[in-house]
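Engineer: Whatever this is, show me its structure:
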Amino acid sequence: MKKKTQLIHGGVFGDEHTGAVSTPIYQVSTYKQNGVGNFAYEYSRTGNPTREALESLIADLEGGHRGFAFGSGMAAIAAVMNMYKSGDHIVFTDDVYGGSYRLMTKVLNRFNLDITFVDTSDPEKVAAAVKDNTVAIYVETPTNPLLKVTDIKEMKNIADAHNLHLIVDNTFSTPYFQTPIALDADIVLHSATKYLGGHSDVVAGLAVVKSEELGEELHFVQNSVGGILGPQDSWLLIRGIKTLGLRMEQTEKNTAKIVEFLENRDDVSTIYYPGRPDHPGHETHKIQATGFGGMISFDVGSGERAEHVLAKTRYFTLAESLGAVESLISLPAKMTHASIPRERRLELGITDGLIRVSIGIEDAEDLIADLEQALDS
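Structural biologist: Here you go, the predicted structure:
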């Protein structure tokens with residue numbers, strides 16, 4: 001089955017009881033049992049037909065054994081981290097979403113989960129960071145916001161050499177462009193709020209595991225902790241995923257034109273986009289993904305100028321998040337990555353003048369004209 005067909009027909013298609021083409025929203029908390037222990041569903045924290053349809057769909061799209069839906073991307077990450085115990089060590093991508101950094105350094109450190117942040121685009125640094133108590137390698141690729149590329153197969157080689165799990169955050173590429181489990185990753189994560197939902201109307205997180213054993217472990221955590229996605233949001237996410245292929249293709253076409261525009265600006269000092277031939281990791285990304293996506297970061301020289309640009313755009317909406325049909329613009333240093341200390345941000349390359357844009361599906365000429373007038377002003 002081709003990917004666009006799978007987006008429509010993967011997982012649970014429709015409702016066999018009524019013939020409904022769209023999976024029904026089962027807005028229910030509990031279920032009648034036919035006898036003690038004789039039931040299809042017991043309680044909606046444990047399982048819900050609408051959520052199950054979504055979980056089956058994302059498992060199919062990622063090529064995994066089992067999928068899980070959570071109330072947010074952060075809830076999905078936290079659930080995966082809850083599979084580990086006090087004293088365990090995880091090697092973590094350094095250029096990571098600010099919320100992930102905050103979770104690891106401000107919350108999970110209270111439970112003695114040991115984290116080392118490493119540039120995972122450099123396999124030697126990853127291998128050097130592995131310790132006797134290391135249990136997993138956690139990778140974002142491409143990263144947020146500098147679009148660094150990590151070689152997933154190289155990470156898997158290191159993980160296998162030390163009997164570790166490989167966890168990949170696939171939010172930026174989506175399963176339409178990249179399927180880490182096909183490269184032997186153990187767990188894949190998504191902030192489904194972004195491209196998978198695609199319409200700025202749902203907050204959700206998804207996880208997919210490669211094996212039955214990991215599936216049992218993560219379901220135990222999901223059911224025990226209870227950060228599940230509700231049926232209404234599960235239905236919205238299924239609907240959003242149906243058009244993922246069309247949206248990703250149009251977004252990438254628009255992004256290529258906007259990158260070309262930025263490359264011709266003397267007042268833009270650095271452009272981060274994995275589709276540029278001179279972008280570090282460009283060739284690696286070409287091997288492990290089929291598209292470059294719609295995220296661009298670029299430096300305009302100072303925080304003051306960056307804020308001025310953000311204030312002047314009309315079609316780029318100043319907002320947190322990404323991956324929607326509408327184009328969004330943000331200042332990572334003061335928005336998505338504000339929880340990371342400034343000295344750490346500068347060390348990573350997240351400057352005060354760094355702007356991050358998420359390209360939508362509007363007309364590319366309008367988007368270019370909007371950026372042009374904002375930069376010129």
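Engineer: any idea how the protein splits into domains?
Structural biologist: According to automatic domain parsing, the chain comprises the domains 3-242, 246-376.
Engineer: can you list those in JSON lines and add mean neighbour count and mean pLDDT?
Structural biologist: (C-beta placed from N, C-alpha, C; glycine too.) Listed next are the domains of the chain as JSON lines, based on neighbours: other CB atoms under 10 Å; pLDDT from 0 to 100:
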{"stretch": "domain 3-242", "mean neighbour count": "20", "mean pLDDT": "96"}
{"stretch": "domain 246-376", "mean neighbour count": "18", "mean pLDDT": "96"}
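Engineer: what sits against Ser377?
Structural biologist: By CB atoms under 8 Å, 6 or more residues apart in numbering, the contact set of Ser377 is His308, Lys312.
Engineer: Please name the residues that touch the residue nearest to Val12 when sequence neighbours are not counted.
Structural biologist: Take Val12 and drop its neighbours on the chain: the residue closest to it by CB to CB, 6 or more residues apart in numbering is Ala53, 3.8 Å away. For Ala53, the contact set (CB under 8 Å, 6+ apart) comprises Gly11, Val12, Thr23, Ser234, Ile238.
Engineer: Just to be sure, Ala53 is in a helix?
Structural biologist: Yes. Under DSSP: H, G, I helix; E, B strand; the rest coil, Ala53 sits within a helix.
Engineer: how far away is it from Leu237?
Structural biologist: Remark: distance between Ala53 and Leu237 (CB to CB, to the nearest Å) = 10 Å.
Engineer: export the contacts of Ala53 to TSV and tack on secondary structure and distance to Lys4?
Structural biologist: Shown next, in TSV, are the contacts of Ala53 (DSSP: H, G, I helix; E, B strand; the rest coil; distance: CB to CB, whole Å):
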residue	secondary structure	distance to Lys4
Gly11	coil	15
Val12	coil	18
Thr23	coil	19
Ser234	helix	21
Ile238	helix	15
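Engineer: for these, which one is nearest Val139?
Structural biologist: Top of the list for closeness to Val139, among the contacts of Ala53 and by CB to CB, is Gly11 at 25.6 Å.
Engineer: The closest one: what's it in contact with?
Structural biologist: Gly11 neighbours (CB under 8 Å, 6+ apart): Ala53, Leu54, Glu55, Ser56, Leu57, Ile58, Ala59, Asp60, Ile238.
Engineer: so the fifth one sits right up against Arg239, yeah?
Structural biologist: No. Leu57 sits out of contact with Arg239 when judged by CB atoms under 8 Å, with a separation of 11.0 Å.
Engineer: Now do the same for Thr116: helix, strand or coil?
Structural biologist: strand.
Engineer: Can you name the residues that contact Phe316?
Structural biologist: Ser327, Leu328, Ile329, Val357, Leu367, Asp370, Leu371, Ala374.
Engineer: for these, which one is nearest Leu206?
Structural biologist: Closest to Leu206, out of all of these and judged by CB to CB, is Leu328, at 20.6 Å.
Engineer: Please report the distance of that closest one from Ile258.
Structural biologist: Counting by CB to CB, the gap from Leu328 to Ile258 is 13 Å.
Engineer: any residues in contact with both of these two?
Structural biologist: Taking CB under 8 Å, 6+ apart as the criterion, Leu328 and Ile258 both touch Val357.
Engineer: before we move on, which element is the closest residue to Leu318 other than its chain neighbours in?
Structural biologist: Using CB to CB, 6+ apart and skipping residues adjacent in sequence, the residue nearest Leu318 is Leu310, 5.2 Å away. Per DSSP states H and E, Leu310 falls inside helix 303-312.
Engineer: what's that helix packed up against?
Structural biologist: strand 328-330, strand 354-358, helix 364-376 (3 or more CB pairs under 8 Å, 6 or more residues apart in numbering; DSSP states H and E).
Engineer: Please, where are all the strands along the stretch 1-150 of the chain?
Structural biologist: Secondary structure of the stretch 1-150 of the chain by DSSP state E, counting those that start in this stretch: the strands cover 66-70, 89-93, 114-118, 134-140.
Engineer: Now do the first one: distance to the chain's middle.
Structural biologist: So that's strand 66-70. With CA atoms, centre = their mean, to the nearest Å as the basis, strand 66-70 stands 14 Å off its chain's centre.
Engineer: okay, the strands of the stretch 1-150 of the chain in a markdown table with distance to Gln288 next?
Structural biologist: Below are the strands of the stretch 1-150 of the chain laid out as a markdown table (distance: least, CB to CB, whole Å):
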| stretch | distance to Gln288 |
| --- | --- |
| strand 66-70 | 21 |
| strand 89-93 | 15 |
| strand 114-118 | 19 |
| strand 134-140 | 11 |
